[in-house]
Each structure stands twice: as C-alpha cells, then as structure tokens.
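Novice: just coords:
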Ligand code: ATP
C-alpha cells in the first residue's frame with residue numbers, strides 16, 4: 001500500500017485550524033477526552049448521520065426510526081447485564097499513579113517511560129486487575145436516597161429493546177424488521193484516546209433487526225455486506241476497510257457470531273462498527289425482568305417465538321474520524337504544498353464556495369447573488385476575503401468539492417469558472433446552468449482519487 005500522508009496529529013491540527021473540533025471547556029484548561037464540534041465538524045457529522053438514516057431507513061421498507069430517552073428505568077441495566085457485567089479490567093500503577101486497561105497494556109504507554117508499555121519500565125508497580133463498571137451514575141430527583149440512582153445509557157440499543165412491543169404494534173411491522181436509532185451514549189472509559197476515536201461521551205448509530213430464529217444467520221450475512229458497502233459507497237477506500245470475525249474468546253456469552261468492520265486508522269486496524277448476532281438474549285431478558293410478553297405470534301402459522309436480533313452498531317464520531325482520515329491528502333501544486341480533504345461530495349460540509357476574483361468592479365455583489373441562489377439548493381460558502389489562492393486553500397482544507405469564481409468575464413457574459421477540488425480542472429459555464437450542474441455532480445457516483 002503506498003504511504004499515506006495522514007497522521008492523527010495532522011488531523012487534530014486541521015480540525016482545530018478550520019474549526020471542525022475543539023477540546024471541550026478549553027478556556028478552563030479542557031476536560032480530558034471530551035470534544036466540541038464547531039461549524040464544519042457539525043456539518044460533517046450531520047452528513048454521516050444523514051447518510052446512515054438514508055441507507056438504513058429511507059431506502060428500505062423494513063426499518064423504522066426511534067429516539068428513546070437517555071435516562072432509562074434502572075431495571076433495564078439489570079436485565080441487560082450491564083450492571084453486573086459492563087466492566088473493563090483496570091490496573092493502577094503505584095509509581096506513576098496512572099490507570100490502565102489491563103487488556104490493552106500492549107497499546108499503552110508507561111506513565112514514566114513512554115517508550116515502554118505499562119509494567120515494562122524499571123519502576124512500574126502494577127496492581128492486580130479489578131473490574132471497573134463503565135456506566136456513569138447520577139441521581140434522579142432532589143433526594144439522593146436509595147432507588148434514585150439512574151445511569152447515563154452506555155448504548156442506545158436498550159432503548160430499542162424496551163420499545164419492541166410499542167413499535168411492533170404501532171408501526172405495523174412483523175419480523176424480519178428493524179428499529180434504528182441515533183443518539184448519545186456514555187462510557188466511563190478507563191483509557192480514552194486517539195482524539196474522537198474513544199471518548200467518554202459519543203454518538204452511536206444502532207439498528208436492532210428482529211428476525212425469525214431460522215433466518216438469523218442469513219440476515220447477519222446480509223447486514224455485514226450492506227454495512228461494508230455503505231462505507232465504500234461513501235468513498236472509504238476498500239483496501240482500508242476490513243471485516244474481522246471475533247474469535248470464540250472475544251464473543252459475548254449470548255452472541256453466536258460477531259464481526260467488526262475495521263478501518264486502517266493511523267494507529268492501526270481498529271473497530272468502526274460491530275455487527276452481532278445476539279440471538280434472543282435481549283428480548284428474553286427484558287421479558288423476564290419486566291414480566292411483559294415480548295414474543296411474536298405469526299398470524300399465518302400460529303407459531304409463537306422470541307425474535308432473534310442482528311445488531312449493526314456504529315459510532316458516529318468514529319465514522320466521522322474515519323471519513324476525515326481517509327480523505328486527508330497533501331500534494332504540491334505549482335511549487336506550493338496544499339492540504340486537501342478529498343471527501344465524498346455528499347459527505348463534504350460545504351458543497352460549493354463562491355469567490356469573487358477581485359473585491360471590486362461589482363464582482364462581490366454578483367458573487368453574493370450567485371451564492372444566495374445556490375445556498376437554497378445545497379450548503380454553500382461565500383468568501384471575499386484575502387487572495388484567491390488563500391481562499392481556495394481554506395476550501396480545500398474543509399473538503400469543499402467545487403469552487404465558483406466570479407471574474408471580469410462574468411460581468412460581461414454571466415459565465416463563471418467552476419473548479420474541481422481533486423482534479424483542479426476549471427470549466428466555464430453560465431450562471432443559469434450552475435445549480436443543475438452541481439446537483440448532477442452531487443448525485444454522481446464518486447471514488448477517492450487517493451491511491
Ligand atoms: P471498543 O472495543 O472499541 O471499546 P466496543 O466493542 O465496546 O468498542 P460497541 O459496544 O460494539 O463497542 O459499540 C458500538 C460502536 O460504538 C463501536 O463500534 C464504536 O464505533 C462506538 N463506540 C463505542 N465506544 C466508543 C467510545 N468510547 N468512543 C467513541 N465511539 C465508541
């Protein structure tokens with residue numbers, strides 16, 4: 001594979017420089033591993049979520065949407081097994097006072113000697129591993145007494161399971177059908193890191209797909225194919241994406257098969273999305289703990305069964321990071337280095353930038369008119385400040401696929417130049433044809449020009 005210019009440091013610097021993502025609470029020195037999304041970051045992550053909704057709900061007949069509350073009845077977490085078992089093994093170092101995930105020591109740095117892993121330095125003194133529950137607790141209501149403890153959900157999935165009956169009744173669906181949800185989840189991760197890859201507050205995009213038990217294996221296969229295609233259709237290079245099947249030692253006790261979609265991040269192959277065959281574990285547990293029947297009776301055969309569940313579970317922030325990493329490129333153009341985000345046009349925060357060549361002769365006024373017309377059709381930027389080269393560099397760095405320049409000739413014949421971010425090709429066309437041409441390009445299939 002040819003060398004890629006991207007590093008995590010370059011992505012972090014670009015995100016700060018162009019206002020995609022900032023350290024949270026920066027003016028107070030920052031809160032570790034929490035991040036705030038600025039204008040272009042919000043637009044990029046919204047596109048990730050919108051493309052997910054489009055693929056899993058809008059373009060299918062068998063999946064409906066849900067938006068459940070973050071706070072749930074505490075019994076939920078007893079039934080799901082999170083209260084007893086959602087733990088990671090934690091070790092402390094008595095010397096440097098840092099905490100590490102015992103099963104990730106090989107990926108982590110010693111607190112005193114960063115070239116070594118924890119436990120390998122001469123002064124390391126690690127405790128035995130103990131289980132640490134990752135759920136954040138809080139108190140419901142003004143009195144902090146017994147029974148008032150609630151949890152910030154560590155996954156959106158449980159909101160779907162507890163609504164299974166509601167949705168089945170009101171959406172008039174029967175298995176095979178699914179429920180999709182996007183929302184915040186919280187995990188008190190022991191070792192967050194790699195920018196927005198692992199944080200304590202993050203957004204998930206999850207589907208629980210309910211199927212007749214005999215069809216579970218087949219639906220698992222179909223979802224793996226569908227989800228891999230989603231990433232590559234949106235421009236992720238296929239040689240940077242892989243499906244990795246969990247070994248028997250990695251599988252949760254209830255899962256008969258799980259595969260991770262992995263992306264080749266700068267720190268190596270890492271999970272983007274898990275696709276699990278969860279059997280009937282979740283509905284059976286909630287039926288037992290709630291005392292409600294959560295099974296399905298097939299009206300044509302009279303057969304009663306608890307549906308099995310296929311769960312494609314993705315992270316919106318991780319996916320956003322993967323799209324940025326995959327798009328990041330550097331090249332030399334006419335003796336000048338340029339940084340460019342070669343995002344799929346549908347992912348790009350801004351689709352078109354309208355730039356007057358000169359800040360006079362009526363060019364800014366006409367450019368603004370063109371911009372106001374285009375922004376009704378797609379996200380657009382107007383930029384009249386600074387040299388044209390500098391303005392293009394700014395747009396390249398935020399991944400804007402097309403630039404429109406209003407120049408001297410525009411004033412005479414109402415034509416503009418349309419510049420392509422990747423090929424740098426410039427074409428001249430009439431202002432009146434611009435909107436339709438951009439919409440045509442936006443709908444066309446796209447492949448990354450990166451090797
Ligand atoms: P990991 O092994 O990386 O901790 P996981 O297997 O616990 O992940 P799941 O419970 O399967 O993760 O969650 C589904 C998806 O949610 C992950 O594939 C990832 O995209 C996202 N996700 C999970 N934890 C985090 C986190 N701490 N920060 C950002 N995204 C996360």
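Specialist: All right, it came through fine. Just so it is clear, the model here is predicted, and its values are computed rather than measured. Residues are numbered from 1 along each chain as shown.

Novice: and the residue in the stretch 201-350 of the chain that the ligand sits nearest to, bridged to which residues?
Specialist: The nearest approach of the stretch 201-350 of the chain to the ligand comes at residue 315, 2.4 Å away (CB to the nearest ligand atom). Heads up, the C-betas are built off the backbone N, CA and C, glycines and all. For residue 315, the beta-bridge partners under DSSP bridges are residue 204.

Novice: Relative to residue 72, how far out is it?
Specialist: Distance, residue 315 to residue 72, by CB to CB, to the nearest Å: 20 Å.

Novice: Over to residue 63?
Specialist: From residue 63 over to residue 72 (counting by CB to CB), the distance is 22 Å.

Novice: between the two, who's got more neighbours?
Specialist: residue 63 (21 against 17; other CB atoms under 10 Å).

Novice: Could you tell me the backbone phi and psi angles at the spatially closest residue to the more buried one that is not a sequence neighbour?
Specialist: Spatial nearest neighbour of residue 63, chain neighbours left out: residue 178 (4.1 Å); criterion: CB to CB, 6 or more residues apart in numbering. Phi and psi for residue 178, reported as degrees, to the nearest 10, are phi -130, psi 160.

Novice: separation between residue 178 and the ligand?
Specialist: 16 Å (CB to the nearest ligand atom, to the nearest Å).

Novice: Starting from residue 269, give me the distance back to that residue.
Specialist: In terms of CB to CB, residue 178 sits 28 Å off from residue 269.

Novice: Show me which of these two is the more surrounded one.
Specialist: Between residue 178 and residue 269, counting by other CB under 10 Å, residue 178 is the more crowded of the two (26 against 14).

Novice: before we move on, the earlier item: isn't the residue of the stretch 201-350 of the chain closest to the ligand right up against residue 270?
Specialist: No - using CB atoms under 8 Å, residue 315 and residue 270 do not qualify as a contacting pair, with a distance of 10.7 Å.

Novice: who does residue 100 bridge with?
Specialist: Counting by DSSP bridges, the residues bridging with residue 100 are residue 91.

Novice: Number of residues surrounding residue 160?
Specialist: Residue 160 - counted by other CB under 10 Å - has 23 other residues nearby.

Novice: who's in contact with it?
Specialist: Contact analysis of residue 160 by CB atoms under 8 Å, 6 or more residues apart in numbering lists 66, 68, 179, 181, 206, 208.

Novice: Next, give phi and psi for residue 159.
Specialist: The phi/psi pair for residue 159 (degrees, to the nearest 10) reads phi -60, psi -30.

Novice: which residue packs closest to it, ignoring adjacent ones?
Specialist: residue 68 (2.7 Å).

Novice: Are we agreed that the one you found is in a helix?
Specialist: No - in this structure, residue 68 is coil, not part of a helix, as judged by DSSP: H, G, I helix; E, B strand; the rest coil.

Novice: residues contacting it?
Specialist: 156, 159-160, 162-163, 181, 183.

Novice: Go again with 10 Å.
Specialist: Residues near residue 68 by CB atoms under 10 Å, 6 or more residues apart in numbering: 153, 156-163, 179, 181, 183.

Novice: out of the contacts of residue 160, who's nearest residue 188?
Specialist: residue 206 (19.6 Å; CB to CB).

Novice: tell me the secondary structure for the closest one?
Specialist: Applying three-state DSSP: residue 206 is strand.

Novice: That one and residue 155 touch, don't they?
Specialist: Yes - contact criterion CB atoms under 10 Å: residue 206 and residue 155 qualify, at 7.0 Å.

Novice: So which of those two has more stuff around it?
Specialist: Set residue 206 next to residue 155 and count neighbours by other CB under 10 Å: residue 206 wins out with 26 against 18.

Novice: Just the pLDDT at that one, thanks.
Specialist: Predicted confidence (pLDDT) at residue 206: the value is 98.

Novice: How many residues are close by whatever residue of the stretch 1-150 of the chain ends up closest to the ligand?
Specialist: Per CB to the nearest ligand atom, the residue of the stretch 1-150 of the chain with the smallest distance to the ligand is residue 88, at 8.2 Å. Other residues lying near residue 88 total 18 when counted by other CB under 10 Å.
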